[in-house]
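**Student:** Next comes the sequence, and after it the predicted model I'd like to discuss.
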Amino acid sequence: MSWGILVVIVVVGLLALWVGGTYNRLVALRNRYKAAFSQIDVQLKRRYDLIPNLVETAKGYMAHERETLEAVTQARNVAVTAGRAASANPGDPAAMAGLAAAESQLTGVLGRLFAVAEAYPDLKANQNMLALQDELRSTENQIASARQNYNEVVMVYNTTRETFPNSLVANAFNFAEAKLFEVDVEKERQAPRVAF
């Protein structure tokens, strides 16, 4: 065998190892951001499960605020649907944008519910309502933490897939850009105020 053929075989072998290694790293990073999103999904489901209890507790005291209670229920249902779409395909730009919009809307109507609830002293003192507030506050903190972790993993994945020469492998094997989970409006970046 001539040296030329041996050099070609070694170069092709090294190239194959590099492509395989880069491909495997991209797969691992994609799996990491999907796993990180599952933590957001768990906390969002917990939040969605708390909201009907919150509405039911408030309903007895806020009989004249039916529109607000219905808005919370409707926003929750939209957020659940958006959450399912994002859970089915974490990182998908359309799914993540839909989830961010639904979560922003839900946060807004929850804030409105809490603002209206302040006019009802009996509701503010209700032990069930106080317990739900604490649960919701804890859940909001866990959502924020899970979202931060997800966004960090997505940044590593996106940076890895966009840098040269990794981008050659990423484009060849259709590794799509993952979308961050961001809330756009500064006011909505804050957890809803749940203190009475």
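**Tutor:** Great, that's in hand. Just so we're clear, the structure is a prediction, and the values are computed from it rather than from any experiment. Residues are numbered from 1 along each chain as shown.

**Student:** going forward, measure contacts between C-alpha atoms and count neighbours the same way
**Tutor:** Noted.

**Student:** what stretches of this protein score poorly on pLDDT?
**Tutor:** Along the chain, the parts satisfying pLDDT under 70 run over 1, 184-196.

**Student:** So which residues of it form strands?
**Tutor:** Remark: strands of the chain are absent; assignment by DSSP state E.

**Student:** Please go through it and pick out the longest helix.
**Tutor:** When the chain is parsed with DSSP state H, its longest helix is helix 3-59.

**Student:** which helices and strands sit right next to that helix?
**Tutor:** helix 66-88, helix 127-162, helix 166-172 (3 or more CA pairs under 8 Å, 6 or more residues apart in numbering; DSSP states H and E).

**Student:** One more pass at 6 Å, please.
**Tutor:** For helix 3-59, the packing partners by 3 or more CA pairs under 6 Å, 6 or more residues apart in numbering; DSSP states H and E come out as helix 127-162.

**Student:** ok, and for the helix it packs on, which residues are buried?
**Tutor:** 129-130, 132-133, 135-137, 139-140, 142-144, 146-151, 153-158, 160-162 (16 or more other CA atoms under 10 Å).

**Student:** So what's the gap between it and the chain middle?
**Tutor:** Centroid separation between helix 127-162 and its chain, computed with CA atoms, centre = their mean, to the nearest Å, is 7 Å.
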